[in-house]
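[1] Mind looking at a prediction? Sequence and model below.
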Amino acid sequence: MIELEFDAHASDGAGDGAPLVVLLHGRGASKEDLRVLRPHLPAGVVAVFPQAPFQAAPWGYGPGWAWYRYLGEDRPEPESFAASLNALEAWLAALPQALPVKPGPIALGGFSQGGTLSVAYALTHPGSIAAVLNFSGFLASHPRVRVAPDTVAGTRFFWGHGTRDRNIPFELAERGRGLLRGAGAALEARDYPIGHWIDPVELQDAMRWLETVLAEAAGGTRAA
């Protein structure tokens, strides 16, 4: 079984039932990469940053780690992609025992490969994820990923993408968003005049959205 290394942080005021925010880094990065987003997360959450299971260098992605080998367009290599989906499932199932509080609703997201895997995980585990944050990822063409009313039900999606993105072209965002909308997904789509990175305005938009969604999922009254 593939085990994932991770860092976790419970913010002040996080008790039992606190929302769990899991953020997956992009290819060639590590679990440290998205920790810079921690101060921007809603108050009272438990934030967790796992590390992808595959070394990135053999695939030409640099010195860090990767969730799958990329074949181009919207195609991940089926085997490595499925392995990361399985590893993420097992890790999420065991994670509560490693945290200081019993977590509540789950928000899963990430950048590039991390966003792509997050969308795919939510679709392959219907109803288990309250919120998905997809920063510059795509909707994967993979045998296990099915977009239908029953796979999008119970999950809300934020999809931010740069209109000048050369790594994951904006056309892929339009295609993936269209499929989600066609299945009836609750989708918040935001476009930014940027390349392949997370813009400060995008981050602000995403965090406002996330705070509202998690408050509703927890039955709470946090302000948006």
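    Great, that's in hand. Residues are numbered from 1 along each chain as shown.
[2] going forward, measure contacts and count neighbours with C-alpha atoms only.
    Noted.
[3] Output the below-cut-off pLDDT ranges for this structure.
    Low-confidence regions of the chain, defined here as pLDDT under 70, cover residues 1, 220-224.
[4] Would you map the strands across it?
    6-10, 20-24, 46-50, 54-55, 65-66, 70-72, 75-76, 106-111, 131-135, 156-162, 186-192 (DSSP state E).
[5] quick one: residue 2 from residue 27, how far?
    With the distance defined as Cα to Cα, to the nearest Å, residue 2 ends up 18 Å from residue 27.
[6] So between the two, which is more surrounded?
    Neighbour totals were compared for residue 2 and residue 27, and residue 27 leads with 24 against 14 (other Cα atoms under 10 Å).
[7] For the more buried one, which non-adjacent residue is closest in space?
    The spatially closest residue to residue 27, leaving aside those adjacent along the chain, is residue 66, at 4.5 Å (Cα to Cα, 6 or more residues apart in numbering).
[8] Quick check, that neighbour in contact with residue 60.
    No: under the criterion of Cα atoms under 8 Å, residue 66 is not in contact with residue 60, lying 10.3 Å apart.
[9] Between those two, point out the one with more neighbours.
    residue 66 (28 against 10).
[10] so what's the residue nearest the centre of the chain up against?
    Nearest to the geometric centre of the chain sits residue 109, at 1.6 Å (Cα atoms, centre = their mean). With contact set as Cα atoms under 8 Å, 6 or more residues apart in numbering, residue 109 has these partners: 21-24, 115, 118-119, 132-135.
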